[in-house]
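Participant: got a predicted structure plus its sequence, pasted below:
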Amino acid sequence: LSVVNGGLLEATGVYMNEAPEAGYKPKYEVKVSATDEQWQSEIQRTFYIQSRSGQAYGRFHVTVIPKYQNTGAVDIDYYMNPAGSRNLEFDSSKQIP
């Protein structure tokens, strides 16, 4: 995963309503061979994201299933605040249908 003009920071806590100010890296990479003892049938990670050179913040949860019905699958659930604030608390009045 990579972000143009921004970065990713793997989340470690449960409370994710404010994105961190610093610590973002331009990419996150996982390499696992099918013969590796650490191989998993599914990988789940949660990240903070900084984009537009710090003008947008968000968070997302990604699930990668490398072998799913003769192909692979990726599921991403995300929340973005395009206003430049690190506040990620959900505001239902601003939800886009």
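Facilitator: Received, thanks. None of these values were measured; they are calculated from a predicted model.
Participant: which SS state does the nearest residue to residue 32 once chain neighbours are set aside fall under?
Facilitator: Among residues not flanking residue 32 along the chain, residue 39 sits closest, at 5.4 Å (CB to CB, 6 or more residues apart in numbering). (Each C-beta comes from the backbone N, C-alpha and C, glycine too.) Following DSSP: H, G, I helix; E, B strand; the rest coil, the label given to residue 39 is coil.
Participant: start at 22, not 1
Facilitator: That works, and once the first residue is 22, the last one we named lands at residue 60.
Participant: and residue 60, how far from residue 45?
Facilitator: Distance, residue 60 to residue 45, using CB to CB, to the nearest Å: 28 Å.
Participant: which one of the two has more residues nearby?
Facilitator: The residue with more neighbours, out of residue 60 and residue 45, is residue 45; 19 against 11, by other CB atoms under 10 Å.
Participant: mind listing the strands in the protein by residue range?
Facilitator: 28-31, 64-72, 77-89, 92-102 (DSSP state E).
Participant: closest one to residue 111 among those strands?
Facilitator: Among the strands of the chain, the nearest to residue 111 by CB to CB is strand 92-102 (6.6 Å).
Participant: now do that closest one and strand 77-89, the angle between them.
Facilitator: 170 degrees (axes from the mean of the first three to the mean of the last three CA atoms, to 10 degrees).
Participant: contacts for strand 92-102, please.
Facilitator: 40, 70, 72, 77-87, 108-109, 111 (CB atoms under 8 Å, 6 or more residues apart in numbering).
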